[in-house]
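>>> sequence first, then the predicted structure, then my questions.
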Amino acid sequence: MRLILDRISQDDKGKKIAVFEIGDDFVTISEDNMPAGFADTLTDGIIIEADYRDGVIYSATLLTEETEKKKKEMKSRLNALFNRGKK
């Protein structure tokens, strides 16, 4: 399953909390429900392929190339919107 990291923050105990976009939904996952050390590898907007069930990520792969491609596409779209009115 593909998940896109929307944001990452910390709870009042200092645990990392990640909010992922899955399709049209958003899910909040504590670092306790991820593989050990995985939360430390996350950056905003990263796309991951994960075995996600019942609020737990059992295994995951960072899709860095796909993430970069998506960021370039979104930047291009944004630039096109700003440049559309300039002639």
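Noted; the coordinates are in hand.
>>> low-confidence ranges in this protein?
86-87 (pLDDT under 70).
>>> one more time with 80
85-87 (pLDDT under 80).
>>> can you pull the buried residues of stretch 65-76?
T67 (16 or more other CB atoms under 10 Å). Yep, even glycine has a C-beta here, placed from its N, CA and C like the rest.
>>> quick one: distance of that stretch to the chain centre.
13 Å (CA atoms, centre = their mean, to the nearest Å).
>>> neighbouring contacts of that stretch?
G45, I46, I47 (CB atoms under 8 Å, 6 or more residues apart in numbering).
>>> mind exporting the C-alpha coordinates of that stretch to CSV?
This file holds the C-alpha atoms of stretch 65-76, laid out as CSV (Å, rounded to 0.1, in the frame of the first residue of the first chain):
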residue,chain,number,x,y,z
GLU,A,65,12.9,8.4,-6.9
GLU,A,66,9.1,8.5,-7.1
THR,A,67,9.0,11.2,-4.4
GLU,A,68,11.4,13.4,-6.3
LYS,A,69,9.5,12.9,-9.6
LYS,A,70,6.2,13.9,-7.8
LYS,A,71,7.8,17.0,-6.3
LYS,A,72,9.1,18.1,-9.7
GLU,A,73,5.7,17.5,-11.2
MET,A,74,4.0,19.5,-8.5
LYS,A,75,6.5,22.4,-8.8
SER,A,76,6.0,22.4,-12.5
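>>> re the thing from before, buried among the contacts of stretch 65-76? Need that as a selection in ChimeraX.
The ChimeraX command for the buried members of these (criterion: 16+ other CB under 10 Å) is given here:
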select :46,47
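>>> what's the closest of the contacts of stretch 65-76 to I4?
Minimum separation from I4 among the contacts of stretch 65-76 (CB to CB) is found for I47, which lies at 5.3 Å.
>>> all the strands of the protein, in order from the start?
2-10, 16-22, 25-30, 47-53, 56-62 (DSSP state E).
>>> how about those strands, which one is nearest A36?
strand 56-62 (11.3 Å).
>>> same for the closest one, what does it pack against?
strand 47-53 (3 or more CB pairs under 8 Å, 6 or more residues apart in numbering; DSSP states H and E).
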